[in-house]
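# okay, sequence plus prediction incoming.
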Amino acid sequence: MLFGTSLWAQGVTLPQSSAAAEVRQRVGIADVTVNYSRPDVVSPQGQDRTGQIWGGLVPYGYNNLGFGTSQAAPWRAGANENTTIELSHDATIEGKALQAGTYGLHMAVAEEGNVTVIFSRNNTAWGSYFYDEKDDALRVNVKWQDNEQTPLLTYNFVDVGDKQATLVLDWEKKRIPVKIEFNTPELVYNNLKKELQGAQGFILQNWMSAANYLAQNKIHLEDALAWANNAIEGQFFSQKNFQTMQVKARVLTAMGNTAEADKVMNEALEDPAAGIADYYNYGRQLIGQDKGAEALEVFKKANKKWPDHWLAPHGLARGYSATGDYAKALKYEEQAYTKAPDGSKQFIDGYLKTLKEGKDFN
C-alpha cells in the first residue's frame, strides 16, 4: 500500500514557537543537565503577557488541564514535552538525597510564592498532562524571588562551586532557585580508585596527584599513604625524590603524624635533585600552615645552597616577614630586587612598600 498508517503517523519537522534548549553545569566531576523549551512572555501573536504569567499562563497549584490522565497536574516548568534534569551522580537537592538519573521536572507554584519542585521518574511524557504522583522520586519546597524582566524562560546556574550549584529558572519577573549539592570528595575518591587501576595508573604523577587530593580533603588517608608510598617505593615506580617525599609528608601531616612528616621532609630536602624552587615552595607551604619559624629555617638552608639566586634572599624576606622581623625582611627583599628578573621586580616593588609600612607581605 502506498500510503500506510505508519507513514501517516510521521509528522514533518517544523520550528516550534517555544524553542528547545539545553544547559549543563559541571560541579566538581559531576554534571547537571537540563533540557527544556523556552516560552516567551510575548505570545506568538505578539501580545505582551507581562503580569499574566504567574497565576495565568502558569496556573497556581495542581490542575486538571483538560487533556491526558492527570487530574491534578503541576506546571511542566517549561513548554512542550517534559522538562528534564539529568544528574550524572547521586546528589542532594535542597538537602534531600536524589539518585543519579534523568527526571521529569515539574513545579507547583503557590500564589504566596512557595514552589514545590517535583522530580518525576517519568521523564518522557508530554508536559505534565500525564503526571502521576506515584512517579515522584523527590519533592522539595523553595520560594520564588523577585527578579529582573526575563522575556524568554531561562534555566541557568549560579553560586557554582566544586561541591554545589544553584539551578535557577528565570521568567518574566520571577526567579525560582533550587540548590544542588554533590559529595565531590567522595565522588573523586571513588573515581580515582577506578582510574588508578587503568591506564592512568601507569603515570607517576597521577598517584601523587591522587594522594595529594585525599590529603587536602583529609579523607581516606590510609589509601592516600599507600598511594604516596607506591610512588616512592612501588615495584613499578620507585621514585624517591623531593616531590614524591613531599607528597608523603603532606599525607602524614593530614593524618596528624607531624613528627614523621618532618622526618620525611628533612630527608626530601637532602635530595641532590631538589632545587631552590622546591625549597622556596615548601617554605611558602609552611607559612600557609602558620609555621613561620620552620619556614625561615628552610629559607636559610636555601640561601646557603644558592646564595646567588634571587629566590634565596626573597625567601628569607618571606621568612622574616612571617616571624614579624620586618627590618630584616626589608633588607633581604632589597637584595632580592637587585637580583630578580625584570618580570618579577614589579611584584617585589609592592612587597617592599608593604614591608616599609611594617606589615607582613605573605
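Alright, I've got the coordinates.
# max-length strand in the protein?
In the chain, with assignment by DSSP state E, the single longest strand is strand 164-181.
# average pLDDT for it?
Strand 164-181 carries an average pLDDT of 98.
# now do stretch 129-147
Stretch 129-147 comes out at a mean pLDDT of 97.
# in the longest strand of the chain, what counts as buried?
164-181 (16 or more other CB atoms under 10 Å). The way it works is simple: take the backbone N, C-alpha and C, and place the C-beta from them, glycine included.
# what packs against that strand?
Packing contacts for strand 164-181, counted by 3 or more CB pairs under 8 Å, 6 or more residues apart in numbering; DSSP states H and E, involve strand 19-27, strand 30-38, strand 91-93, strand 101-109, strand 114-120, strand 136-143, strand 145-158.
# could you point out the helix or strand that follows that strand?
Scanning forward in sequence from strand 164-181 by DSSP states H and E, the next helix or strand is helix 184-196.
# which residues touch that following helix?
Helix 184-196 has contacts (CB atoms under 8 Å, 6 or more residues apart in numbering) with 27-30, 89, 162-163, 201, 206-207, 210, 213-214, 217, 219-220, 223, 227.
# next step: the residues you listed restricted to strands.
Mapping the contacts of helix 184-196 onto strands (DSSP E) picks out 27, 30.
# and the angle from the longest strand of the chain to strand 114-120?
Per axes from the mean of the first three to the mean of the last three CA atoms, to 10 degrees, the angle that strand 164-181 makes with strand 114-120 is 80 degrees.
# figure out which of the helices and strands packed on strand 164-181 is closest to residue 289.
Residue 289 lies closest to strand 19-27 among the helices and strands packed on strand 164-181, at 28.5 Å (CB to CB).
# give me the angle between that closest one and strand 164-181.
Strand 19-27 runs at 90 degrees relative to strand 164-181, counting by the same axes, to 10 degrees.
# return the list of strands paired to strand 19-27, each annotated with direction.
Paired with strand 19-27 in the same sheet, following DSSP bridges, are strand 30-38 (antiparallel).
# buried residues, the strand it pairs with. List them.
30, 32, 34, 35, 36, 37, 38.
# residues making contact with that strand?
16, 18-25, 77-81, 83-89, 91, 105, 152-155, 157, 165, 167, 180, 182, 184, 187.
# please apply the same query to stretch 345-356.
Contacts for stretch 345-356 (CB under 8 Å, 6+ apart): 314, 317, 321, 326, 329-330, 333-334, 336-337, 340, 360-361.
# kindly recompute the last result at 7 Å.
With CB atoms under 7 Å, 6 or more residues apart in numbering as the test, stretch 345-356 has contacts from 321, 326, 329, 330, 333, 334, 336, 337, 340, 361.
# surely the fifth one touches residue 317?
Right, residue 333. Yes. Using CB atoms under 7 Å, residue 333 makes contact with residue 317 at a distance of 3.9 Å.
# quick revisit: now, the contacts of stretch 345-356 that are in helices?
Those of the contacts of stretch 345-356 mapping onto helices are 321, 326, 329, 330, 333, 334, 336, 337, per DSSP state H.
# wait, the first one touches residue 359, no?
No. Contact between residue 321 and residue 359 fails when scored by CB under 7 Å: they sit 8.5 Å apart.
# between those two, point out the one with more neighbours.
residue 321 (25 against 11; other CB atoms under 10 Å).
# which one among the contacts of stretch 345-356 gets closest to residue 120?
Nearest to residue 120 out of the contacts of stretch 345-356 is residue 361 (CB to CB; 56.3 Å).
# and the closest one, what does it touch?
By CB under 7 Å, 6+ apart, the residues touching residue 361 are 321, 351, 354, 355.
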